[in-house]
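1. need a 3D model of the sequence below.
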Amino acid sequence: MSNGEINFASHHTRPASGLEGIARIGKVRRPIGDPVAHEKWPLRFEAPPPPTVRDFTLSLDLVAPEAAAAAAANKKLVFHCVGDTGGIHGESTQVAVAEAMEQQIQAAGDVDKAAFLYLVGDVVYFNGVSNLYKWQFYEPYQYYPAPIFAIPGNHDGDTNVRAGDPPDPEPSLTGFMLNFCDTTPRPAQYRTTMTQPYCYWTLLTPLLTIVGLYSNVEGSLDPRGRSDQQTWLSNQLQSAPTDKKLIVTVHHPCYSLDSAHGGSPDILAAIDQSISEANRAPDAIISGHVHNYQRFSRDVGGRAVPYIVAGAGGYADTPRLMHKIQKIDTGRPFQTTHPDVTLVNDNEQDPGYLQVTVTDTAMTLEYFVVPFDNSAPSLFDSVTV
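-> Okay, here's the model as predicted:
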C-alpha cells in the first residue's frame, strides 16, 4: 500500500469451488491459515422487521445521563463488551462472566466504572424466541448495575428449527426487538427493556461512536440486490465525529482462524466498501460468533486497526465447546495468508470479556479471562489505539 490507500483486492477474491451447477455436500474447508471462509452458498437471509423510525441513532445521555455527563467531564469512558452469551447449555459460564464484570465495576473508582455493557450478538439461543429471555438474559444479568445494549447475532434472527424441535412461534428477531428496541422502557425481569432504534444502530457518546451492524443469519448486511444497511453504514462512517473514537460492531467477524467458522467474506467486503466510500476507517472492529478470543492487527491505510473476536461470553460452558484455532502440526499459523493481517493473540481455553477505556486521546481494549477452573479472572490481552 502507498499514499494511505487501501488495496482490498486480495481479501475479496472469491475462490472457485469447482461445484457450480452441482449440489454441494458438506462444508468447503478453507486453507489452513486463511482467516476468511468461503462465501455461503446459497446465502440464507431472513428479513428483519421494518423500522418504525428513520433515525437509527441513540445518545448515551438519554439512557444513562449521569454516566454520559461524567464521561464528558472526566474525558474518560469505560464499558464492557462480549458476545455469544446465551446460556442454552446452562447459566454457569454466563453468570461467571457477568459476576466478573460486576466485581470489576464494584472495585473501580468512580471515573473507572463501566458505564454500560454492549453485547455483540447471540443473546438467546437457539432462535432468539422471546420466552427464553428470562433465563438466558435477564436472570444472568440481574445484578449488572449498568445499562445493557446489543446487536443481534445469527441465532437471535434465525427461525430454522433443529430436527425434532417444534416450529418457531415468532417471526425473525421478535425477541430481540421486544427487549432491546422497545418504544419506551417497560419493566422486564430485574431491569427495563432497552430503547435502541433498530437492529442496526449507532450509539453516540461524548468520546466514542459505536456503529452496530446486523449481519443476519449467515453473515451479510443485505439480501442480494439490496444495499439498505450498506448505504447506512457508509453514511455513518462518513458522518461520525472525527474528534471521537469510532468502533464498528458486527456479530460475524471479518477474520477468524478457528476451525469451525472462519471470517465472513461478505461482512469483510461490506465494511471495506464503506471504509473506501467514507474515507474513514474505524479505530477497532469487534465481533462475536466464534466462541473464543482472537485479536488480529490489520494495516488499513498505514494504520494498525485491531479486529477483535470476543465470543466466549457464555454459550461455551465447557472447554470442549470453545472453538479451537486451526493447527499446523504442533503449532498454529500466526501469520495468515493475507499479507496485511496478523493474528496477534488468541485464547481458546477460557471464557472472557472485553473492557474498553476511551479518553480524548486514546482507546485501550483489554481482554479478561474467567477460567473454567474457578481461578480468579485476570487480564489476558491489551491493545491501545
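2. contact partners of the helix or strand that contains Tyr353?
-> Element membership for Tyr353, per DSSP states H and E: strand 352-359. Contacts of strand 352-359 with the rest of the structure, by CB atoms under 8 Å, 6 or more residues apart in numbering, involve 75-82, 97, 100-101, 104, 112, 114, 205, 207-208, 245, 247, 286, 293, 308, 310, 312-313, 363-370, 377, 380. In short, each C-beta sits where N, CA and C put it, glycine included.
3. just the CA trace of stretch 36-49, in CSV.
-> Extracted C-alpha coordinates of stretch 36-49, given in CSV (Å, rounded to 0.1, in the frame of the first residue of the first chain):
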residue,chain,number,x,y,z
VAL,A,36,-11.7,-15.7,5.7
ALA,A,37,-14.0,-18.6,4.9
HIS,A,38,-15.7,-19.4,1.6
GLU,A,39,-18.8,-17.5,0.6
LYS,A,40,-22.0,-19.0,1.9
TRP,A,41,-24.0,-20.7,-0.9
PRO,A,42,-26.8,-20.3,-1.2
LEU,A,43,-27.0,-17.3,1.1
ARG,A,44,-29.9,-17.5,3.5
PHE,A,45,-31.3,-14.1,4.6
GLU,A,46,-34.2,-13.5,6.9
ALA,A,47,-35.7,-10.1,6.6
PRO,A,48,-35.7,-8.0,9.8
PRO,A,49,-38.9,-6.3,10.8
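4. list the buried residues for it?
-> 36-39, 45-46, 48 (16 or more other CB atoms under 10 Å).
5. mind putting those into TSV with distance to Lys134, secondary structure and pLDDT?
-> Output for those, formatted as TSV (distance: CB to CB, whole Å; DSSP: H, G, I helix; E, B strand; the rest coil; pLDDT from 0 to 100):
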residue	distance to Lys134	secondary structure	pLDDT
Val36	37	strand	93
Ala37	34	coil	89
His38	38	coil	82
Glu39	37	coil	79
Phe45	29	coil	94
Glu46	24	coil	95
Pro48	23	coil	97
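6. out of these, which one sits closest to His252?
-> Distances from His252 to these, taken as CB to CB, are shortest for Ala37 (9.8 Å).
7. quick check: phi and psi on the closest one?
-> Main-chain dihedrals, Ala37, degrees, to the nearest 10: phi -80, psi 180.
8. what do you get for Ile247?
-> According to degrees, to the nearest 10, Ile247 has phi -120, psi 140.
9. repeat that for Leu58.
-> Torsion angles, degrees, to the nearest 10, at Leu58: phi -140, psi 130.
10. can you show me the strands along this structure?
-> Assigned by DSSP state E, the strands in the chain fall at 57-59, 76-82, 117-120, 148-151, 201-204, 208-212, 245-249, 284-287, 293-300, 303-310, 341-347, 352-359, 363-369, 378-384.
11. distance to Pro31, mean neighbour count and mean pLDDT for those strands - can I get that in CSV?
-> Converted to CSV, the strands of the chain look like this (distance: least, CB to CB, whole Å; neighbours: other CB atoms under 10 Å; pLDDT from 0 to 100):
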stretch, distance to Pro31, mean neighbour count, mean pLDDT
strand 57-59, 40, 17, 98
strand 76-82, 30, 25, 98
strand 117-120, 27, 27, 98
strand 148-151, 30, 24, 98
strand 201-204, 36, 22, 98
strand 208-212, 31, 25, 99
strand 245-249, 27, 25, 99
strand 284-287, 21, 27, 98
strand 293-300, 17, 22, 98
strand 303-310, 19, 22, 98
strand 341-347, 14, 19, 95
strand 352-359, 28, 22, 98
strand 363-369, 27, 20, 98
strand 378-384, 26, 14, 98
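12. need the ones you listed in TSV (columns: distance to Leu237).
-> Conversion of these to TSV gives the following (distance: least, CB to CB, whole Å):
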stretch	distance to Leu237
strand 57-59	13
strand 76-82	19
strand 117-120	18
strand 148-151	16
strand 201-204	10
strand 208-212	7
strand 245-249	7
strand 284-287	12
strand 293-300	12
strand 303-310	13
strand 341-347	20
strand 352-359	18
strand 363-369	17
strand 378-384	21
